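> Quick one, what's the 3D model for this:
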Amino acid sequence: MSITGDPDGSAVRLGVAIADIAAGMFAFQGLLLALIARGKSGRGQLVDVSLLDSVAALLTYQASRYLLAGDVPQRTGNRHSAIAPYDTFETADGVLVLAVGNDSQWRSFCRVIDAPHLDEARYRTNASRVDHYPVLRPVLADILRRWPLDALVTQLRAASVPCGAVRSVAEALADPQIAARAMIEAVDHPSLGTLKVLGIPTKLSETPGTIRTAPPRLGEHTRQVLQRDLAYSDGTINQLVAAGAVLVAGER
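Numbers count the residues shown, from 1 in each chain. A predicted model of the protein is given here:
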């Protein structure tokens, strides 16, 4: 949070539960590594993953800035500390994400926005644009806020300038590419009927995964787990279910 948000604002948390998600992904990676190792050695092992370790690993180059150079990263809003312009800008009807990654893209960008005067010495190289960004940014902001977002994105992409629109979750999930990649699936829920859920992001060519069941109801698999996985008797299962009735409210 200390590196997320505007420089003059408060620290801002990420919009998703990143620690939980990252730990789950690292745990999955660890399980696969352990299975591969077991196939070679015949021995299993403990897979130890923590929330703290997971989010620390996600610091990547920000951690390296401190560990290698002693530079403590600060909040920089949406701009990139070493590339310019790499930032968000208000347009006439939305927010543009702009990522001019090299000097050739900068020249193309200047042509698209009809601002040849910006291709001057102090802005000609990325290093110089970074140095002069406090002056450059308000100039760009004034130009870009006159543009309709869709038209600007279309022209910049045609000129091979990386960019995109900041979209709502609804707009993002309606993108044709989401459908083309099967990232929204429909499943039948025993209580709620048809549900839409997110698809599987990892696509395997020979053994593709599928969404087979809806999210379980509260306690839906209690008896199954106790009987099949833990091998309890029917009498013991009934006692456990009775003692923890709230856990099986879904199946009752």
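
> contacts and neighbour counts: CA atoms only from here.
Will do.

> Residue 64 is in what secondary structure piece?
Using DSSP states H and E, residue 64 sits within helix 60-69.

> sorry, that was for residue 196
strand 193-198.

> for that strand, the distance to its chain's centre please.
21 Å (CA atoms, centre = their mean, to the nearest Å).

> which other residues reach that strand?
With CA atoms under 8 Å, 6 or more residues apart in numbering as the test, strand 193-198 has contacts from 183, 184, 185, 186, 187, 188, 189, 214.

> Beyond it, next helix or strand please.
That would be, after strand 193-198 and using DSSP H and E, helix 222-224.

> Show me what that following helix packs onto, helices and strands only.
Contacts defined by 3 or more CA pairs under 8 Å, 6 or more residues apart in numbering; DSSP states H and E place helix 222-224 against helix 234-243.

> Can you list the helices and strands that the helix it packs on packs against?
By 3+ CA pairs under 8 Å, 6+ apart, helix 234-243 packs against helix 222-224.

> Buried by neighbour count: which residues of the helix it packs on qualify?
222, 223 (16 or more other CA atoms under 10 Å).

> Who are the packing partners of the longest helix along the chain?
Longest helix in the chain, counting residues (DSSP state H): helix 18-41. In terms of contacts (3+ CA pairs under 8 Å, 6+ apart), helix 18-41 is packed against helix 51-57.

> who touches the helix it packs on?
With contacts defined as CA under 8 Å, 6+ apart, helix 51-57 is touched by 18, 19, 20, 22, 23, 26.

> Closest one to residue 129 out of those residues, please.
When these are ranked by distance to residue 129 (CA to CA), residue 18 comes first, at 32.6 Å.

> roughly how far apart are that closest one and residue 52?
Between residue 18 and residue 52 the distance is 11 Å, computed by CA to CA, to the nearest Å.

> Which one of those two is surrounded by more residues?
residue 18 (15 against 11; other CA atoms under 10 Å).

> Look at the nearest residue to that one once chain neighbours are set aside and say how many residues are nearby.
Closest residue to residue 18 in three dimensions, ignoring its sequence neighbours and counting by CA to CA, 6 or more residues apart in numbering: residue 55, at 7.6 Å. A count of nearby residues for residue 55, using other CA under 10 Å, gives 16.

> measure residue 55 to residue 20 for me?
Distance of residue 55 to residue 20, computed by CA to CA: 9 Å.

> Residue 123: what's it in contact with?
Residue 123 neighbours (CA under 8 Å, 6+ apart): 129, 132.

> swap the cut-off to 10 Å and go again
Applying CA atoms under 10 Å, 6 or more residues apart in numbering, one finds that residue 123 lies in contact with 84, 103, 106, 107, 117, 129, 130, 131, 132, 133, 136.
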